[in-house]
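Participant: give me the fold of what follows.
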Amino acid sequence: MRVEICHGAFKALGVLFVFSVLSGCSAGSRAVVRDDSAVSVQLTCRMPDGKVLMTTDESIATSERSSLYLPRKENGPLHLTAGNAVRDMGSRGDLDVELANGAARSLVGMSPGETKRISITADPIPGPDGKPRLLPMARVRQRPREMKLTREEFSSRFGKNPEIGAAVILDPAIPGAVTEITDTGIVIRFKATPGTEVETPFGTGVIREGKDTYEIVIGVQEGSIVRTGPLLGRIVSVTDRTFTIDFTKPFAGEELTCDIGVL
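Facilitator: The predicted structure follows:
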């Protein structure tokens, strides 16, 4: 009889203990992100002027976006491993890769539903030879006033058969059209108004007329930040016909402010 009573009492205490633990988990404690935890996050990062450079939030208004903003290849939240560098997103130095790495380092200790503001910087990434990653580019872009192609070249290049008057776009600022079709080839003529201003990723360009070409002269500003695909860089030198971008420092050496939220 005593054993049965003790056994029954033990079972009752066990049930009470389990109930207490479960009650404590649901009412008091919260899950915490630890090293190596797989986490889905929302991330919005801004330049020092407050404009959005990158975001997983598709509702961010266009007016809030920086001129350096580019839509992500994949929509939705980032899937990161807390405390670890990302894989399969691109190369070191790529904007999205460096932002994701900074976010992953900041996740440890956060809880689901929590949002916080962080600052993200990145160490310089020199080229394979250990030197700065410099990219010289043409400041004066030349475009032909006339182009002659064979039928095969035209079809291969533009993916269609030639027709008189068919539009041909090599540069949106200087549109062209097919003007002649003969047995020997296709003639395309391009037309632009000298003095017209066009926007480029590197500054405002002005069209001027040459003998056999049109030229777009870009008003590049030394020290300005520009974006080429996944890379952010700073213009470090400008000449009459060229300019050089330094991609050594991710974020062009700027400190970015990011809002990160754990889902």
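Participant: so Glu197 is in contact with Ile216, correct?
Facilitator: No: at 9.9 Å, Glu197 and Ile216 do not qualify as touching, with contact defined as CB atoms under 8 Å. Placement of C-beta: from N, CA and C, glycine included.
Participant: identify the contacts common to those two.
Facilitator: Residues within reach of Glu197 and of Ile216 at once, by CB atoms under 8 Å, 6 or more residues apart in numbering, are Gly205, Val206, Ile207.
Participant: TSV please, covering the residues you listed and showing neighbour count and distance to Gln42.
Facilitator: Shown next, in TSV, are the shared contacts of Glu197 and Ile216 (neighbours: other CB atoms under 10 Å; distance: CB to CB, whole Å):
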residue	neighbour count	distance to Gln42
Gly205	21	37
Val206	14	41
Ile207	20	42
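Participant: take those and keep only those in helices.
Facilitator: Judged by DSSP state H, these include no members of helices.
Participant: which secondary structure state does Phe154 sit in?
Facilitator: Secondary structure for Phe154, judged by DSSP: H, G, I helix; E, B strand; the rest coil, is helix.
Participant: and for it, the neighbour number?
Facilitator: 22 (other CB atoms under 10 Å).
Participant: what do you get for Arg227?
Facilitator: So Arg227, with other CB under 10 Å, has 19 neighbours.
Participant: what does Arg143 give?
Facilitator: Neighbours around Arg143, by other CB under 10 Å: 18.
Participant: kindly report the same for Gly233.
Facilitator: Other residues close to Gly233 by other CB under 10 Å number 24.
Participant: same check, this time on Asp171
Facilitator: So Asp171, with other CB under 10 Å, has 16 neighbours.
Participant: for Ile207, see how far away it is.
Facilitator: For Asp171, the distance to Ile207 equals 10 Å [CB to CB, to the nearest Å].
Participant: who touches both of those two?
Facilitator: Joint contacts of Asp171 and Ile207 (CB under 8 Å, 6+ apart) are Ile216.
Participant: between Glu197 and Ile216, which is the more surrounded one?
Facilitator: Ile216 (22 against 11).
Participant: helix or strand: which one has that one?
Facilitator: strand 213-218 (DSSP states H and E).
Participant: counting by contacts, list what the next helix or strand after that strand packs against.
Facilitator: Using DSSP H and E, the helix or strand that follows strand 213-218 in sequence is strand 225-228. Judged by 3 or more CB pairs under 8 Å, 6 or more residues apart in numbering; DSSP states H and E, strand 225-228 is in contact with strand 231-238.
Participant: what angle do the strand it packs on and strand 213-218 make?
Facilitator: Strand 231-238 and strand 213-218 are oriented at 100 degrees to each other (axes from the mean of the first three to the mean of the last three CA atoms, to 10 degrees).
Participant: can you name every helix or strand that strand 231-238 contacts?
Facilitator: Contact here means 3+ CB pairs under 8 Å, 6+ apart; on that basis strand 231-238 packs against strand 225-228, strand 242-246.
Participant: quick one: the last one to strand 213-218, angle?
Facilitator: Per the same axes, to 10 degrees, the angle that strand 242-246 makes with strand 213-218 is 40 degrees.
Participant: partners of strand 242-246 in the sheet?
Facilitator: strand 134-138 (antiparallel), strand 231-238 (antiparallel) (DSSP bridges).
Participant: got it, and the first one?
Facilitator: Taking DSSP bridges as the criterion, strand 225-228 forms sheet pairs with strand 231-238 (antiparallel).
Participant: for the partner strand, list every residue counted as buried.
Facilitator: Residues Leu231, Leu232, Gly233, Arg234, Ile235, Val238 are the ones in strand 231-238 that count as buried (16 or more other CB atoms under 10 Å).
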